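sequence plus the predicted model coming up.
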2 protein chains.
Amino acid sequence: MATWATGIRAVLLDVSGVLYDSGGDAGGTAIQGSVEAVNRIRQSGLKLRFCTNESQATRSQFVRKLRGYGFNISEEEVTAPGPAVTRMLKERGLRPHLLVHDDLLPEFDSVDTSEPNCVVIGDAAENFSYQNLNKAFQVLLSLENPILISLGKGRYYKETDGLMLDVGAYMKALEYACDVTAEVVGKPSQQFFFSALQEMGVKPEEAVMIGDDIVNDIGGAQSCGIRAVLVRTGKYRLSDEHHAEVTADGYVDNLAQAIDILLSSVASDP
Amino acid sequence: MATWATGIRAVLLDVSGVLYDSGGDAGGTAIQGSVEAVNRIRQSGLKLRFCTNESQATRSQFVRKLRGYGFNISEEEVTAPGPAVTRMLKERGLRPHLLVHDDLLPEFDSVDTSEPNCVVIGDAAENFSYQNLNKAFQVLLSLENPILISLGKGRYYKETDGLMLDVGAYMKALEYACDVTAEVVGKPSQQFFFSALQEMGVKPEEAVMIGDDIVNDIGGAQSCGIRAVLVRTGKYRLSDEHHAEVTADGYVDNLAQAIDILLSSVASDP
């Protein structure tokens, strides 16, 4: 029996690359067996939370899309960087210059963006033009105390037609150009994982994270004491199983297999 | 008398920010006193070479533009990354995927770009779209041995209407996304400076570099044993005089002042 599956009371699921592959404007596709796997987690009585760095849409749009693929999921179950960063901006009196996806903008409706004193970047995709990145750079360089906030720091993600650059690459570009270190809201930040655990009311050692990103999902969860399992779907590449810094607690072909293993462990728990 | 000016036989001049400020499509402007300063270097009998990371145009176009501003300069006097990289690609049998400015493309006319086995990036400006950077990323990630070559690694440069992101920011984005380290052709690479010295037939201690980039001009030259003076024009910012890692051998208001100091030193040399 897999050690990672013993004593688990709660499941944290990454979304893109675990539940579905995104597909840009063309739409994406659910990963085989994932819709049923989510239903089986619910039926088992395990606690469940979706922990995503998705920043190409508001949380409500994102949930609507997943329901369209057949997933049983509600907005309140999703920990996402958009709502987390708007809370943070208000708490700290920060007024962002936004370099984000158009579809994420409504998340900032209640945030003051006049006379920016920080820059927030998300997975802006096509909005990462030279002109837009240059504008964000100029705002940062004009600040006496430049603050760069990045919604995740992923290197790339998978769309149905190939791997695509993620926000982390652009975060590094701005960090280098402005000689600053970004604050990351989202995985692998510990605060993000602890917030998800708190909403489920479980301890780190009672939870397992299932994701396709060896650094941000697996490494991030493990840094909080959460066990973590890598799926061989989404952006997974064979080299991830020999990563220099991160070793997952388990490797599975896909979410369905992870849930098979987990539920047989739960069934045999004393 | 300034120590940096004694025993000098050759002058290496950075171009953008020292001779002129570039201005995108709107054209740029010569920096006051620089046209005369170049003429005075020539009249003094000091050796002279232009050492630039300019990669928005072929060397011949670049020289034509500078002549338009009134500078006395010929193509053979310019050390630039375009010609250097084409030599290197041929020597190593590399076939580049190019992410460069449209106007630099003719520099690669004699280079095989079929079935790329490396990526070359330059200061591509508006060509740094999400789509183009993503394509370069995908090519790199598809290579068993990914080779990324960057024409310089500047953080930003000055145009007449503000500071603009330079190739270094995009180099960092690709380095992070693909987990590679770029090879830099251009300043601050030692090979680039040594090649300029060799063409003048002088030793490092006989030359002075004059530039506006504290890291790439000043730090790069000093790493070769060349004295280096920072001008307060171009991308210069006050904080450059308190840089954590690099201290220039001298700081001057502009090229004209540097040449005043240098020529009075030469006149009083025994």
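That came through fine.

buried sites along the worst-scoring helix or strand of chain A on mean pLDDT?
In chain A, the helix or strand scored least confidently by mean pLDDT, DSSP states H and E is strand A:156-159, which has a mean of 87. Neighbour counts over strand A:156-159 (16 or more other C-beta atoms under 10 Å in any protein chain shown) mark A:Tyr156, A:Tyr157, A:Lys158, A:Glu159 as buried. Bear in mind the C-beta positions are built from the backbone N, C-alpha and C, glycine included.

show me what it is packed against.
Contacts defined by 3 or more C-beta pairs under 8 Å, 6 or more residues apart in numbering or on different chains; DSSP states H and E place strand A:156-159 against strand A:162-165.

flag every residue of chain A that's near chain B.
Within chain A, the positions adjacent to chain B are A:124-131, A:133-134, A:137-138, A:141, A:155-156, A:162-166, A:168-170, A:172-179 by C-beta under 8 Å from any C-beta of the partner chain.

thinking again about what came up before, show me the two of the buried residues of strand A:156-159 that sit farthest apart.
Greatest spacing in those, by C-beta to C-beta: A:Tyr156 and A:Glu159 (9.8 Å).

quick check: which ranges of the stretch 51-200 of chain A have low pLDDT?
In the predicted model of the stretch 51-200 of chain A, no residue satisfies pLDDT under 70.

strands of that one, start to end?
Using DSSP state E, counting those that start in this stretch, the strands of the stretch 51-200 of chain A run over A:78-79, A:96-99, A:118-121, A:148-151, A:156-159, A:162-165, A:183-185.

pull out the buried residues from the third one.
It stands for strand A:118-121. A:Cys118, A:Val119, A:Val120, A:Ile121.

what about the residue lying closest to A:Asp166 once chain neighbours are set aside, neighbour count?
Counting by C-beta to C-beta, 6 or more residues apart in numbering or on different chains, A:Asp166 lies nearest to A:Gly154, which is 3.7 Å off, once chain neighbours are set aside. Using other C-beta atoms under 10 Å in any protein chain shown, the number of residues around A:Gly154 comes to 26.

likewise A:Arg87?
Using other C-beta under 10 Å as the criterion, the residues surrounding A:Arg87 number 12.

which ones are touching it?
Taking C-beta atoms under 8 Å, 6 or more residues apart in numbering or on different chains as the contact definition, A:Arg87 lies against nothing.

do you know how far it is from chain B?
Distance of A:Arg87 to chain B, given as C-beta to the nearest C-beta, to the nearest Å: 28 Å.

surely A:Asn134 and B:Met164 touch.
Yes: assessed by C-beta atoms under 8 Å, A:Asn134 is found in contact with B:Met164 at 5.9 Å.

how about A:Leu94, what does it touch?
Taking C-beta under 8 Å, 6+ apart, one finds A:Met88, A:Asn117, A:Cys118, A:Ile147, A:Ile149 in contact with A:Leu94.

most neighbours out of these, which is it?
Counting neighbours by other C-beta under 10 Å, A:Ile149 comes out on top of these with 21 neighbours.

pretty sure it sits against A:Val119.
Yes: using C-beta under 8 Å, A:Ile149 makes contact with A:Val119 at a distance of 7.0 Å.

overlap in contacts, those two.
By C-beta under 8 Å, 6+ apart, A:Ile149 and A:Val119 have these common neighbours: A:Pro96.

ok, and the closest non-adjacent residue to A:Gly162?
B:Gln138 (6.1 Å).

okay, now that neighbour: neighbour count?
As a burial measure, B:Gln138 scores 18 neighbours (other C-beta under 10 Å).

isn't it up against A:Lys158?
No: with contact defined as C-beta under 8 Å, B:Gln138 does not reach A:Lys158; the gap is 11.6 Å.

how much space between A:Lys158 and A:Val38?
19 Å (C-beta to C-beta, to the nearest Å).

before we move on, what about A:Pro96?
Counting by C-beta to C-beta, the gap from A:Pro96 to A:Val38 is 33 Å.

tell me the SS of A:Arg42?
Of the three states, A:Arg42 takes helix under DSSP: H, G, I helix; E, B strand; the rest coil.

which parts of chain A are helices?
Secondary structure of chain A (DSSP state H): helices at A:34-44, A:59-68, A:81-92, A:130-142, A:167-178, A:190-200, A:220-222, A:255-268.

using a markdown table, lay out those helices together with distance to B:Gly201.
Below are the helices of chain A laid out as a markdown table (distance: least, C-beta to C-beta, whole Å):
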| stretch | distance to B:Gly201 |
| --- | --- |
| helix A:34-44 | 69 |
| helix A:59-68 | 65 |
| helix A:81-92 | 58 |
| helix A:130-142 | 40 |
| helix A:167-178 | 36 |
| helix A:190-200 | 59 |
| helix A:220-222 | 56 |
| helix A:255-268 | 67 |
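
of all those helices, which one comes closest to B:Ala57?
helix A:130-142 (17.0 Å).

what does that closest one rub up against?
With contacts defined as C-beta under 8 Å, 6+ apart, helix A:130-142 is touched by A:97, A:99, A:116, A:119, A:121, A:124, A:146, A:148, A:170, A:173-174, A:177-178, A:180, B:124-129, B:156, B:162-165, B:169.
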